[in-house]
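Asker: Quick one: sequence plus predicted model below, questions after.
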Amino acid sequence: MSSAGADRGIDGSGTARARCVLAPNPSPMTLDGTNSYLIAEPGSTTAVVVDPGPDDEAHLLRVRATAERAGQRIAAIILTHGHLDHSAGARTLARLTGAGVRAVDPAFRLGSEGLPPGTVVTDGGCEIEVLGTPGHTADSVSLYLRADRAVLTGDTVLGRGTTVIAGDGSLRDYLASLDRLRTLADSAPLATLLPGHGPLLADPAGTLDYYLTHRAERLAEIRAALAAGDRSAAEIVARVYADVDRALWQVAEYSVRAQLAYLGELGELPDGFGRPRDSG
């Protein structure tokens, strides 16, 4: 997917209160790499790190140095979700800075504080509101930086392409999360989305409309595949993702299984299809 922000730089880009430090872990799944963000009110002596990324000490030292050059101490670390390309470096960064780690999943926390929806984090001198946006994973959150009219989306929305529904994710939850963000895009109104991978997005409403349309189109394609007689996730991937690099088919199967589960919840699977997660 192309977007209004797709030609803008990644490393060093951001808003008045959020700066991206790009991790050196590019791949087909992570795009240019993981976007670690430093969030702070201009003039603040403290900062928050969102998604420190992989356990790469050189990257984490660069994140710390970027804060120090601005006269800031890293006071808190927040994870948008637990996938290792976002979270693996959290404990090392905590050791380097003395900051705690806040996450939805207690397994990733250092300290007692979680991230329930509606929580407002102020460690960087500005308000960062936690938005519950499960779907990509069960523990996914987005972070609303009201002063910049920006949302850090983790993997809920990417700077390029679309998001895979992971094994513990849910398409029903994901669609509800996209609807929640789409409503916010109009009501705020939002100026920027800051994704966990890829460039920032300067057209939040348009991007979210694309995501919702894409999901509706994929569901229509899967309904058509079922009507044509496909009876396994692998068969559906071969039909629906025929124009996608085969190296990505295994990942695509996660999303197909999530969509089959959703159709099952709606009572739309053919008789005898069985449970979607056992069908492939």
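Answerer: Sure, I can see it. Keep in mind it's a predicted model, so treat the numbers as computed, not measured.
Asker: Break this structure down into its structural domains.
Answerer: Here the domain parsing of the chain from automatic domain parsing is 18-202, 228-278.
Asker: Can you get me the start-to-end distance on the longest one?
Answerer: For domain 18-202, the first and last residues are 14 Å from each other (CA to CA, to the nearest Å).
Asker: same question for it, mean pLDDT?
Answerer: Domain 18-202 shows a mean pLDDT of 97.
Asker: just the shortest one next, same as before
Answerer: Averaging pLDDT along domain 228-278 yields 86.
Asker: Start the count at 10 instead of 1 going forward.
Answerer: With the count now opening at 10, the last piece we talked about shows up as domain 237-287.
Asker: What are the boundaries of the helices in the stretch 60-209 of the chain?
Answerer: For the stretch 60-209 of the chain, helices defined by DSSP state H, counting those that start in this stretch occupy the ranges 66-78, 93-96, 99-106, 180-196.
Asker: so which of these gets nearest Pro125?
Answerer: Closest approach to Pro125 among the helices of the stretch 60-209 of the chain (CB to CB): helix 180-196, 15.2 Å. Bear in mind the C-beta positions are built from the backbone N, C-alpha and C, glycine included.
Asker: which residues sit in contact with Leu140?
Answerer: Going by CB atoms under 8 Å, 6 or more residues apart in numbering, Leu140 touches 126, 150-153, 160, 189-190, 193.
Asker: and the domains of the chain as CSV, adding distance to Glu230?
Answerer: Below are these laid out as CSV (distance: least, CB to CB, whole Å):
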stretch, distance to Glu230
domain 27-211, 13
domain 237-287, 5
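Asker: right, so those domains: which one is the most enclosed?
Answerer: The highest mean neighbour count among these, using mean count of other CB atoms under 10 Å, belongs to domain 27-211: a mean of 20.
Asker: mind checking how far that domain is from the chain centre?
Answerer: Taking CA atoms, centre = their mean, to the nearest Å, the mean C-alpha location of domain 27-211 is offset from the chain mean by 8 Å.
Asker: returning to what we had before: possible to save the helices of the stretch 60-209 of the chain as TSV with distance to Val265?
Answerer: Listed next are the helices of the stretch 60-209 of the chain as TSV, based on distance: least, CB to CB, whole Å:
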stretch	distance to Val265
helix 66-78	33
helix 93-96	22
helix 99-106	31
helix 180-196	10
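Asker: out of the ones you listed, which comes closest to Thr43?
Answerer: With distances scored as CB to CB, the stretch of the helices of the stretch 60-209 of the chain nearest to Thr43 is helix 93-96 (5.1 Å).
Asker: Please identify the helix or strand for the residue lying closest to Tyr250 once chain neighbours are set aside.
Answerer: Nearest residue to Tyr250, sequence neighbours excluded (CB to CB, 6 or more residues apart in numbering): Ala261, at 4.7 Å. Here Ala261 is covered by helix 258-274, with elements defined by DSSP states H and E.
Asker: tilt between that helix and helix 180-196?
Answerer: Orientation check (axes from the mean of the first three to the mean of the last three CA atoms, to 10 degrees): helix 258-274 against helix 180-196 gives 90 degrees.
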